[in-house]
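# Here is a sequence with its predicted model. Questions after.
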Amino acid sequence: MHCLPNVPYLHFVLGFAAAGGIFAPSQIIKFYKMDRRMTSALISVFYKDGLEPIVRKLHELGVTLYSTGGTQTFIEQLGIPCNSVEGVTGYPSILGGRVKTLHPKIFGGILYRRDLAEDVAQVQEFEIPKLDLVIVDLYPFEETVKQTTDEKSIIEKIDIGGVSLIRAAGKNHKDVVIVASRNQYGELLQVLESGNGNTTLAERRHFAALAFAECAHYDVAIADWFNKDTASDYWQFSRSHKQSLRYGENPHQPAAFYGSLDDLFEKLNGKELSYNNLVDADAACQVISEFSDTAFAIIKHTNVCGVAVRNTVAEAWDAALAGDPESAFGGVLVTNRTVTEDVATKINELFFEILIAPSFDDTALTILRSKKNRILLMQKQAFYPTKEYKRIFNGVLVQDADNKNYTEWTEAGARPCTEGEKADLLFANIVCKHLKSNAISIVKDRQLIGKGCGQTSRIDALRQALDKTKQFGFSTSGAVLASDAFFPFDDCVRMAHEAGIDAVIQPGGSIRDADSINYCKENGMAMVITQLRHFKH
């Protein structure tokens, strides 16, 4: 027996040899290439845009066309002959269009194995037409879910025949080409033109892979809709709209983003967003979504390095920047109000990567567009995730997003908080939630003046936060402090008190809570226990 060294799909050759067939070398090469010429095609699509060049090319190549309903009408209106599926099956479209192509004469023409004598004989016996190319897409289920809550309308957009045709043609990709999305029309047209109607096994396998991916995404969308109120044993997640990125977190890491940023933003200026841009922009949008009053925040490596609430956007920007002007360099900026000319003039003095806002004045845009690479995003809607995912080992961790501030408000110190302290404590607790653990935030007049984050001990996080306040000239007298987790000892409240901080907020839960509580009681400090931890790793 002859064989080819280092040839993929060698097991096919060996399989035929074992069945008693002996091939000459030229026959083996021909089998490996497995070129197939298209002589017939089934076309049945929901979306017709982009289809005309394909249909005309197939007609030019002498390919016999079969179709249904609106697609058949579309083809015939181009002046191109087309056979109806009903004429092949002997059955009309029934059940309000639910059953059109589900018939042995259609699936037999797709699934029969061209090199298997038994299959060929059955196709001939039952007069089943050969189908070499299948072009189908799927009902717009996701689009329908976005547009309506009417269950009947949504159910009717669960495709049956389309998915079945795709799976059949994909399974038999050794002989059949499957195109399952209008996004692949351009690629198909290139194949038709370059191969003059012939396709290789590699090309058919490529289209099959894309087709099964389309089916998988479609099925996940349907399962998600059905499981929104039901706990499933499977974690299912699928996003389309792949966007290749220049690189990942570092230049040696290839990366891509899957999702539709156009649903959330209108990009008004700047270069393409990078992996790190997207990560920081996501963090920025989560932070700003916490505030209803006029706010401005600055993000660096997903941590809040400046944030403030003020009466005007300009005042909020000044206060946010003052919190840590060094870290703001190269950061991501975000506000929940319109960026006006005076604000743009101030911001324009700083080098930054991204500015996100719900709107921009025309004059502000002119100023900010003076740097061509500066990314300006107009946010169309507030964003805060409901779920969070993380790859761990060979699986995925899934959790509800941390979308709360506190569970309880227990005044456990020497005195109740003043109204001013309460406003600052609420603000500080939100900020602390958006810092990497261990985290401490120091706030005064709803302005972040010091933060410690990503530290391996809570006391180190506090030292870092106090150092930041000193570095940028802030007085901590009258400031408040928030901790993302409990105080294991009284050292943090002791150090805070020595710095002039008289009100703290923390979740509690330590077996030594009494140490910190007693210190506060003995030294006139207010302490709020929330019973809600905000770890962030």
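Nice, I can see it. Here the structure is a predicted model, which is why all the values come from computation and not from measurement.

# I'd like the mean pLDDT over stretch 179-188, please.
The average pLDDT for stretch 179-188 rounds to 93.

# swap that for stretch 77-86, please
Rounded mean pLDDT across stretch 77-86 is 93.

# from the chain's centre, how far out does it sit?
Distance, stretch centre to chain centre, for stretch 77-86: 40 Å (CA atoms, centre = their mean, to the nearest Å).

# and what of stretch 370-385?
Its chain's average C-alpha position is 17 Å from that of stretch 370-385, according to CA atoms, centre = their mean.

# If you average pLDDT per helix and strand, which one of the chain comes out bottom?
helix 10-18 (a mean of 31; mean pLDDT, DSSP states H and E).

# low-confidence ranges in the stretch 101-250 of the chain?
Filtered on pLDDT under 70, the stretch 101-250 of the chain yields no residues whatsoever.

# Strands of that one, residue ranges please.
Here the stretch 101-250 of the chain has its strands, by DSSP state E, counting those that start in this stretch, at 133-136, 177-179, 198-199, 242-244.

# which residues touch His497?
519, 523, 525 (CB atoms under 8 Å, 6 or more residues apart in numbering). C-beta coordinates here come from the backbone N, C-alpha and C atoms, glycine included.

# what about the strands in the stretch 351-500 of the chain?
354-357, 375-379, 387-392, 395-400, 410-411, 440-443, 448-452, 480-483.

# Take those and lay them out in TSV including mean neighbour count.
Conversion of the strands of the stretch 351-500 of the chain to TSV gives the following (neighbours: other CB atoms under 10 Å):
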stretch	mean neighbour count
strand 354-357	24
strand 375-379	21
strand 387-392	10
strand 395-400	10
strand 410-411	13
strand 440-443	30
strand 448-452	27
strand 480-483	30
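
# could these be laid out in a markdown table, adding mean pLDDT and distance to Cys215?
Below are the strands of the stretch 351-500 of the chain laid out as a markdown table (pLDDT from 0 to 100; distance: least, CB to CB, whole Å):
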| stretch | mean pLDDT | distance to Cys215 |
| --- | --- | --- |
| strand 354-357 | 97 | 36 |
| strand 375-379 | 97 | 33 |
| strand 387-392 | 89 | 22 |
| strand 395-400 | 89 | 21 |
| strand 410-411 | 94 | 53 |
| strand 440-443 | 97 | 47 |
| strand 448-452 | 97 | 47 |
| strand 480-483 | 96 | 48 |
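
# Tabulate these (a markdown table), appending distance to Asp132.
Formatted as a markdown table, the strands of the stretch 351-500 of the chain follow (distance: least, CB to CB, whole Å):
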| stretch | distance to Asp132 |
| --- | --- |
| strand 354-357 | 49 |
| strand 375-379 | 46 |
| strand 387-392 | 41 |
| strand 395-400 | 40 |
| strand 410-411 | 73 |
| strand 440-443 | 65 |
| strand 448-452 | 64 |
| strand 480-483 | 67 |
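
# For Phe212, find the nearest of these.
Phe212 lies closest, by CB to CB, to one member of the strands of the stretch 351-500 of the chain: strand 395-400, at 21.0 Å.

# The strands of the stretch 101-250 of the chain: which one's closest to Asn438?
Using CB to CB, those put strand 242-244 closest to Asn438, at 34.8 Å.

# Tell me the buried residues in the helix or strand that the closest one is followed by?
Using DSSP states H and E, the helix or strand that follows strand 242-244 in sequence is strand 256-258. Residues of strand 256-258 classed as buried: Phe257 (neighbour count, 16 or more other CB atoms under 10 Å).

# hang on, Pro416 packs against Ala526?
Yes. Using CB atoms under 8 Å, Pro416 is in contact with Ala526, at 6.8 Å.

# Show me the helices in the stretch 251-400 of the chain, by range?
275-288, 313-323, 341-347, 362-368 (DSSP state H, counting those that start in this stretch).

# So what touches the third one?
Taking CB under 8 Å, 6+ apart as the criterion, the residues outside helix 341-347 that touch it are 313-314, 317-318, 333, 335, 339, 355, 360-361, 363-365, 367-368.

# How about the contacts made by the residue sitting nearest the centre point of the chain?
Centrality entry for the chain: nearest residue to the mean C-alpha point is Gly259, 3.9 Å, by CA atoms, centre = their mean. Contact analysis of Gly259 by CB under 8 Å, 6+ apart lists 239, 241, 243.

# Apart from its neighbours in sequence, what residue is nearest the second one?
Nearest non-adjacent residue to His241, counting by CB to CB, 6 or more residues apart in numbering: Ser260, 4.8 Å away.

# how far away is that neighbour from Asn250?
In this view, Ser260 and Asn250 are 26 Å apart by CB to CB, to the nearest Å.

# Looking at those two, which is more packed in?
Ser260 (12 against 9; other CB atoms under 10 Å).

# So Asp460 versus Phe472, what's the distance?
19 Å.
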